[in-house]
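Visitor: Below is the structure, and that's it, no one-letter string:
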């Protein structure tokens, strides 16, 4: 069985070693980089399952890199940073990161969060990668939404998890607890905030009226309902 590949991008050698040792002991393969340029060059040869990215990099803006990875790579992207401010965490999630871990951290927590992100959704009902609904087609293998005019709108890995959950359970209430259990997150305020961010971004990409969304409805105090008619191909 192939071991999942985790890339580590951090300019601190001690952090890279700490993470690599913990991950390899837990059954992952790793590649470590101290500079974004070397990391991006390696992506031409390797396809990681998870990218661990520090925000404070000497040769690029970490948030810009996270956004590009989320849109183009399709891998799970987890930020590991010493920036503990709420706004930094919110911005990272808004740009497409799947999770945000604050330094200092326990390596075992990082391993647990990676395993949770790679875990298959428990509510998955189809192995298809293409779904059509209300004038849109979602291509989960390419992380792209396509409208009836052929215009493509990219979405991140994190957004794809939420969208797929909705499309697999249309016209059914999905509670916060069900989302947490399905998506492998830990029940917390940060998880709730991450879901709010992803749903907001999906509404924007689906050109929803934020004051009166037609497809993704919020049922206050209960959860969400996706009201579209879905066809899987």
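Guide: Yep, that arrived. Here the structure is a predicted model, which means the values were calculated and not measured.
Visitor: got a list of contacts for the helix or strand hosting residue 79?
Guide: Element membership of residue 79 [criterion: DSSP states H and E] is strand 76-81. Defining contact as Cβ atoms under 8 Å, 6 or more residues apart in numbering, one finds that strand 76-81 is touched by 10, 15, 19, 49-56, 62, 66, 69-70, 88, 92, 96-103, 105, 110, 113-114, 117-118, 156-158. (Each C-beta comes from the backbone N, C-alpha and C, glycine too.)
Visitor: Now which of those would you call buried?
Guide: 10, 15, 19, 49-55, 62, 66, 69-70, 88, 92, 96-101, 110, 113-114, 117, 156-158 (16 or more other Cβ atoms under 10 Å).
Visitor: Strands - which of the residues you listed land there?
Guide: 50, 51, 52, 53, 99, 100, 101 (DSSP state E).
Visitor: got the residues you listed as TSV, with pLDDT columns?
Guide: Below are those laid out as TSV (pLDDT from 0 to 100):
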residue	pLDDT
50	92
51	95
52	97
53	96
99	86
100	89
101	91
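Visitor: Out of the residues you listed, flag the one nearest to residue 226.
Guide: Lowest distance from residue 226 to these (Cβ to Cβ) belongs to residue 99, with 23.6 Å.
Visitor: so how far is residue 150 from the closest one?
Guide: Between residue 99 and residue 150 the computed distance is 33 Å (Cβ to Cβ, to the nearest Å).
Visitor: try residue 200
Guide: 25 Å.
Visitor: So for the two, which sits in the more crowded spot?
Guide: residue 200 (15 against 7; other Cβ atoms under 10 Å).
Visitor: That one in helix, strand or coil?
Guide: helix (DSSP: H, G, I helix; E, B strand; the rest coil).
Visitor: which residues touch the residue nearest to it when sequence neighbours are not counted?
Guide: Distance criterion Cβ to Cβ, 6 or more residues apart in numbering; nearest residue to residue 200, sequence neighbours excluded, is residue 210 at 7.7 Å. Going by Cβ under 8 Å, 6+ apart, residue 210 touches 200, 203, 204.
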